[in-house]
Structures are given as C-alpha cells and as structure tokens.
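Student: Predicted model and sequence below, questions to follow.
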Amino acid sequence: MKLYVCWGTFRSPRPGGHPCRNANEALREAGWNPEVEKVYGLGILGDALNPTRRKVRELSGQNMVPVLETDDGEVISGSDKIAEWAGDNPATASDRAS
C-alpha cells in the first residue's frame, strides 16, 4: 500500500488539519502502515511544474494528493475518501504482517 502526499504528514495549523496528514492518520488508526511517498510541488500548477507527481497523474488522472494505491491496485483520491475507505477496511493481522 502506498500513500502519495505533498510534503509531509505532520501537524498543521490549517483548519481541519492537513489533508495528507488526515489521510495518513486515518489509515494508521485503521491498523495500516502505508509506504508514504512525498511528491512535492503544488497540484494546481499543472503537469509541467509537477514532475514528481507523474505517478499520481498516472494513477488518478490529476495532480492533487493525497492518493492511496492499495495492494490490490485500487486507487482512492482525497483525504475524506481515503479516511472512509480506511474505516470500511480495517487492517487484519495478516495485513499487518505483510
């Protein structure tokens, strides 16, 4: 499982928290330990100015993160949708072992 984030998963003074952190925290609370890949850049700047977001574009068709790629190839975009997926799919003991 891989979680693509902008530049970090640390606390932010932003109201509601930072979306990348929120997605990561939701996955961890559900028992998952995603590989976190930082893609940097600013999603609204477009493809030419976001070369590190190429994989995000390939997976989701857009530059915005967070984006989750599950081990079975499912792609979920946006912190709210990732948190919903995490709540619906808590990790099992065998998931944690892999």
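Tutor: Here it is on my side, so go on. Numbering: from 1, shown residues only.
Student: buried residues in stretch 53-63?
Tutor: Burial within stretch 53-63, assessed by neighbour count using 16 or more other CB atoms under 10 Å, is assigned to 53, 56, 57, 59, 60, 63. (C-beta placed from N, C-alpha, C; glycine too.)
Student: any chance of the residues you listed in CSV, plus pLDDT and distance to residue 2?
Tutor: Below are these laid out as CSV (pLDDT from 0 to 100; distance: CB to CB, whole Å):
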residue, pLDDT, distance to residue 2
53, 88, 14
56, 92, 10
57, 91, 15
59, 96, 9
60, 95, 12
63, 89, 17
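Student: from those residues, which single one is nearest residue 9?
Tutor: Distance to residue 9, by CB to CB, is smallest for residue 56 among those, at 15.8 Å.
Student: The helix or strand that the closest one is a member of packs against which elements?
Tutor: Using DSSP states H and E, residue 56 sits within helix 54-60. Secondary-structure packing of helix 54-60 (3 or more CB pairs under 8 Å, 6 or more residues apart in numbering; DSSP states H and E): strand 2-5, strand 67-69, strand 75-77.
Student: hang on, residue 50 packs against residue 64?
Tutor: No: at 10.0 Å, residue 50 does not count as touching residue 64 under the criterion of CB atoms under 8 Å.
Student: tell me the secondary structure for residue 26?
Tutor: helix (DSSP: H, G, I helix; E, B strand; the rest coil).
Student: Skipping its backbone neighbours, what lies nearest it in space?
Tutor: residue 83 (3.6 Å; CB to CB, 6 or more residues apart in numbering).
Student: wait, what's in contact with the one you found?
Tutor: By CB atoms under 8 Å, 6 or more residues apart in numbering, the contact set of residue 83 is 22, 23, 26.
Student: okay, the helix or strand where it lies in PDB with CA atoms only?
Tutor: In this assignment (DSSP H and E), residue 83 forms part of helix 79-88. The C-alpha coordinates for helix 79-88 follow below in PDB (Å, rounded to 0.1, in the frame of the first residue of the first chain):
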ATOM      1  CA  SER A  79      -8.400  12.600   2.300                       C
ATOM      2  CA  ASP A  80     -12.100  12.200   3.000                       C
ATOM      3  CA  LYS A  81     -12.400   9.200   0.600                       C
ATOM      4  CA  ILE A  82      -9.200   7.600   2.000                       C
ATOM      5  CA  ALA A  83     -10.500   8.000   5.600                       C
ATOM      6  CA  GLU A  84     -13.800   6.500   4.600                       C
ATOM      7  CA  TRP A  85     -12.000   3.500   2.900                       C
ATOM      8  CA  ALA A  86      -9.800   3.000   6.000                       C
ATOM      9  CA  GLY A  87     -12.900   3.000   8.200                       C
ATOM     10  CA  ASP A  88     -14.600   0.400   5.900                       C
END
